[in-house]
Structure formats: structure tokens, C-alpha cells
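Q: sequence below, structure please.
(2 chains)
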Amino acid sequence: MANTQQLEDITTQVRRDILRMVHKVNSGHPGGSLGCAEFFVTLYNDIMDRKEGFDMDGIGEDLFFLSNGHISPVYYSVLARAGYFPVDELNTFRLIDSRLQGHPTTHEKLPGVRIASGSLGQGLSVALGAAQAKKLNGCNHLVYSLHGDGELQEGQNWEAIMYASGKNVDNIIATVDLNGKQIDGATDDVLPMGNVKEKFEAFDWIVIEIEEGNNIEAVLKGMAEAKSKTGQGKPVCVLLKTMMGNGVDFMMHTHAWHGKAPNDEQLASGLAQNPETLGDY
Amino acid sequence: MKTYTNTGSKDTRSGFGDGLTELGRTNPDVVALCADLIGSLKMDKFIEENPERFFQIGIAEANMMGIAAGLTIGGKIPFTGTFANFSTGRVYDQIRQSIAYSDKNVKICASHAGLTLGEDGATHQILEDIGLMKMLPGMVVINPCDYNQTKAATIAIAEHHGPVYLRFGRPKVANFTPEGQTFEIGKAVHLQEGTDVTIVATGHLVWEALEAAKALNEKGVSAEVINIHTIKPLDAKAIIDSVSKTKCIVTAEEHNHLGGLGESVARVLATNKPTPQEFIATNDTFGESGTPAQLMEKYGLNSDAIVKACEKVIKRK
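A: A predicted model of the protein is given here:
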């Protein structure tokens, strides 16, 4: 288990990885990736109980499913930095013949990834199936998942949300990245979300709010609380309030960097704001 | 000519239900999911014997496909059950991304396929499902011909690693293949030897093809009949070998001629051995309410229609 400073250092390096990956191929999704960097880093380096190596079935360890697959840059960086595959492979992001496809896939057998995602709204159902398989296998480990807030506009989520509580799937912690933004603008302008907490509670989920989703201490505390609520007959939801583009000043407070890469000058500025900690790939 | 006897008409969905029951007893990894159609899919016995391995999803097919994909992670072999329409078109992207592209070991088991679910009408009568499923890379597509074969196919697909679409139906149809047969995925079954025309059929139209061959024989025409229970992967060799002898072919299926077995056969022949072909299939249309027999006749899917198609294609040689 890492201390907070170590987690901060990994996060800073992950931000550099994200910026460099999307800059190189002039495509990809830096905004949501940067917003979730602290969450991913704490999840993989502290919160989850993981085995060495990777096997698809993941019996005897916690599992994670990324539903909003477009934030693949942060996912790939954190997986590589956690030892699932060589860090140098980040250099191949979105290139022909790479295992690091634009959106995550199992098709190229990239260690760490258990489902393809990108077409939105499907990840919660998959995570619930994996959670129920764990129960059948007598495996007491947990299933984690991450979803975008705009992604909740997809109806399949609500089928899954109803199912999870109705069937007492209490070994899942589903986190919603509440950054309030999607491609076309603020979620409340595109399609008002209403009160997400009340919606989950109306479906009989336990809801934990993390107000400072870009503060590692706050994420650690909130996720520990979420963990403590599992096994009580109800699914657990974490509402993680984040800042899209966090850690790179010109990418914050806007939805403009949802799916846009920085140019050379912008990359230099972003990297200067996040000095190298673990060594660039 | 070989003689085939209907040992008592039975619905193919019961073949699925009985196959699933047997799997419940023999394979502890098999789990079943249903979207509020337990009775229609004949899943009652499996559920009674294995309540902990059954997941009632409710009327939420998209969620069912995702949950099935997730259950494979942990080594389970999920069999999903709902009507063919709700097993394919309704959930195409869920199958595409979470199952096919993710290479998940899910068995999509689809009842009430085609026109012959009858009176419910076109909202439920999918005639496009074979096309939808065969276009997905890695998807195996199986449409067995009777109760015995559906039961055997259900048992066999549990041993195949990867996504499978298993298609069957509601009405009672002739049961004429051997009980306890071994089902080999992708292996065509020769039912009649013939020299004048090849009939390749899938699903319950195989029985209609046998009836047609009998009628043709009385007219002095020798028809070869092949049961193509697996549309993908297609047994190309069996088809090419047969038309090398007969020089013409009729394909028969309860499906749109766009995207079905006939088109798969045409592709094999066009690239290997161009051969005159006639299609017994629906003609780019939706279905309607009616009894199965009325619908088969109106849409030209019975033995009479196959006989006419054979006579026509022989003239084109």
C-alpha cells in the first residue's frame, strides 16, 4: 500500500502520460482522463485487492470495469504503471497494430482489461454479472466500476440499477464521475440529470458522495467508506465530483477538452505544470 | 430413397429446455438467464433443479446480455433465453461490444424465430436474425431442424468456447432425427442422396425439403437433401461437393432472403463453383398474424414451394 505522497507522484506522472499519449496521435480524450486520475491511481494502488499478473476470471481478487471507455488514456497509464504491461507500450496508443486501441478491448489481449467499452451504458450490466459470478464462486472480493455522468442518459444503466438492488447485488461499488460535462456541453444543458443521489437512493442503492474527487485523501476516505457499506444487501454507488481536465489549468472549467488533443505548445505548458516523477515512458 | 419417420411432432423450444436441463445436471458451470419468458423458453425444469444458477432479469434484454457477458468472467457459461426478436435486433450493440468483440462465452438462445410463432404477428416474427448474427465476427449461428437436434445442439454448444446464436421456434414440427444424436457444429448432415438437384435447408424447413424430395421422386426427379444446421461456420465443402454432382441448388429457410442461409451459400458458390440457385425464403417483407401453416403457405416456405423451385432451377442448368 502506497502513502499519499507516493499516490500524488503516480498521479502527476499519469497526467504526463495522458497528455503525451493524446498529443502524439492528435486524438483521444484527455479531459475526463485527467479528471479521474486520482480515482484510478488510488483504486489500483490502494483500494483494490489485486493478484500479481492477470487472468480473465480474476477469482480471488477485486475486479474493475470501465464503462466510459473513452477515458482509455488514464486507464492505460494506470494499468501500465501498476505493472500489467510495459510502460513503453503507452507509446503505441491508437496506432495501427497496437494493443492500446482508441477504446479498451479484450480483443488484443491487453492484460488488465476484461471487457470492451466505448459504446456507452453497458458497463454496469457487465460488472453486475461479474459480481454475481463472484457470489456463485464463493469469492468474497468486490467488483468496482466507473461510469460517466452523461453516460447515465443511456437507458440500459437504469435497467441495471433496478436489477442490482432488486437482486441484492451487494458486492459492487459503482462510481459515477460527476464532472457535469459531456461532448456537447454541460450535462444539465444537454439533458438535465436532476438529483443523481436521489435517483440512486430511490432505486435503493447506498450512496456515498466524494465532494473532492481530485483530492487523494478524500478519495481514499470515501472509497473506504463505500467498501464498509458492501455486504449489507444493497449495491453501493459512489458519486465522485471531479473537475474535467484537472491538473492542467487551460483544460479545466470547460468541456472543450473532452475529446481534443493539445498542440505542441499546449503540451509543453501541461507538462511544465506536472513535473516528471516516475520517469516518462 | 431413405425413409424418414416423424416420431411425433414436438416444438424445438422444448428441445432447448430439455437440453438445458441435461446441462444443468452434467455441467456445473452452466448458468441460465431469462427476460421474463421462462414458460415460453421451457426453462422451468432447469430452474427447479438449479435455482442458484438461474437469473431472472425481468423485461430488460440489454441488461441481460451485459450480465451474461459479466458472468463469463469467473468461468460461467451463460445461456440467455428470450424470443429471437429480443435476442438479436433489440440488443445488437450489447451483443456486438460486450459479447462478440469481447469474445465472451455466451450462448444466446432464441425461441419463436420466424413467421411460425404465428398469431402474435410481425412485431414478434423476426426474419432478419440470422443475418444480424452471422455478420458478427466470431459468432457461431445454429438453426437445428427438430426437437432431437435442438436438444443435441444445446448440449453441444456448452463445449464450444465462444459466442453462439442458437435459433429455434414455437410450433410443433416433425421430429425425425435420431434421439441422442451427436451434434457437430459446422458439419452438414446428408439426408438424401440425389443427382438432379441439391436442396440445402435449415431449421424446420429440412422436413419440408424431405417432403419435397419425396414428391420430386414420384415425378422422376432425384433430389439430394442436406441439413445445414450450422449457418456459420458454413460447411462449404458439403455444398460444393453436392453441386458438383447435381449442377443446381435450392436453399430453404424461414428467414429473409437478404442475409440468410441462401446468401451464405451463394457466396460460397460464386467464389468456388458458380451454380444456378433458387431461394426459398421470405422476400424482403415483414410477417403478419395467422396460423403457422397458413403463414408457411402464404410466404412460400413449404414443400410445395420447394418442389416448384427445384423444377425451375433444373431448367436453368
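
Q: just confirm B:Gly19 contacts B:Thr154, I think it does.
A: Yes. Taking CB atoms under 8 Å as the definition, B:Gly19 is a contact partner of B:Thr154 at 2.8 Å. Placement of C-beta: from N, CA and C, glycine included.

Q: and residue 150, what does it touch?
A: No chain in the question, so chain A it is. By CB atoms under 8 Å, 6 or more residues apart in numbering or on different chains, the contact set of A:Gly150 is A:Lys181, A:Gln182, A:Ile183, A:Thr187, A:Val190.

Q: that was the other one, I meant chain B.
A: B:Thr150 neighbours (CB under 8 Å, 6+ apart): B:Thr12, B:Arg13, B:Gly15, B:Phe16, B:Gly19, B:Pro144, B:Leu166, B:Phe168.

Q: tell me how many other residues crowd residue 229.
A: Picking chain A for this. Counted by other CB atoms under 10 Å in any protein chain shown, the residues lying close to A:Lys229 total 18.

Q: was after chain B, sorry
A: Neighbours around B:His229, by other CB under 10 Å: 28.

Q: any idea of the pLDDT on it?
A: pLDDT, B:His229: 98.

Q: wait, what's in contact with it?
A: Here B:His229 is in contact with B:Ile142, B:Asn143, B:Pro144, B:Cys145, B:Gln149, B:Ala153, B:Phe183, B:Ala188, B:Val189, B:Thr202 (CB under 8 Å, 6+ apart).

Q: now, which of those lie within helices?
A: Assigned to helices by DSSP state H, the following of those qualify: B:Gln149, B:Ala153.

Q: buried ones among the contacts of B:His229?
A: If you count burial by 16 or more other CB atoms under 10 Å in any protein chain shown, the buried members of these come out as B:Ile142, B:Asn143, B:Pro144, B:Cys145, B:Gln149, B:Ala153, B:Phe183, B:Ala188, B:Val189, B:Thr202.

Q: CSV for the residues you listed, including distance to chain A and pLDDT?
A: Converted to CSV, those look like this (distance: CB to the nearest CB, whole Å; pLDDT from 0 to 100):
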residue, distance to chain A, pLDDT
B:Ile142, 23, 98
B:Asn143, 27, 98
B:Pro144, 27, 98
B:Cys145, 32, 98
B:Gln149, 30, 98
B:Ala153, 24, 98
B:Phe183, 27, 98
B:Ala188, 30, 98
B:Val189, 33, 98
B:Thr202, 29, 98
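
Q: show only the entries of these found in strands.
A: Assignment to strands by DSSP state E places the following of the buried ones among the contacts of B:His229 there: B:Ile142, B:Val189.

Q: adding distance to A:Ala82, write the buried ones among the contacts of B:His229 out as a markdown table.
A: Below are these laid out as a markdown table (distance: CB to CB, whole Å):
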| residue | distance to A:Ala82 |
| --- | --- |
| B:Ile142 | 41 |
| B:Asn143 | 45 |
| B:Pro144 | 46 |
| B:Cys145 | 51 |
| B:Gln149 | 49 |
| B:Ala153 | 43 |
| B:Phe183 | 44 |
| B:Ala188 | 49 |
| B:Val189 | 51 |
| B:Thr202 | 49 |
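
Q: I figured B:Ala62 hits B:Arg90, correct?
A: Yes. If you go by CB under 8 Å, B:Ala62 and B:Arg90 touch, sitting 7.4 Å apart.

Q: just give me the closest of the contacts of A:Gly150 to B:Thr246.
A: Taking CB to CB as the measure, B:Thr246 lies nearest A:Ile183 of the contacts of A:Gly150, at 57.2 Å.

Q: so where do the strands sit in the chain?
A: You didn't pick a chain, so chain A it is. Along chain A, the segments classed as strands by DSSP E run A:63-66, A:143-148, A:172-178, A:181-182, A:185-186, A:206-210, A:236-241.

Q: let me rephrase: I mean chain B.
A: Taking DSSP E as the criterion, chain B carries its strands at B:10-11, B:30-34, B:54-56, B:77-83, B:107-111, B:140-142, B:164-167, B:172-173, B:189-192, B:197-201, B:223-227, B:230-232, B:249-256, B:277-282.
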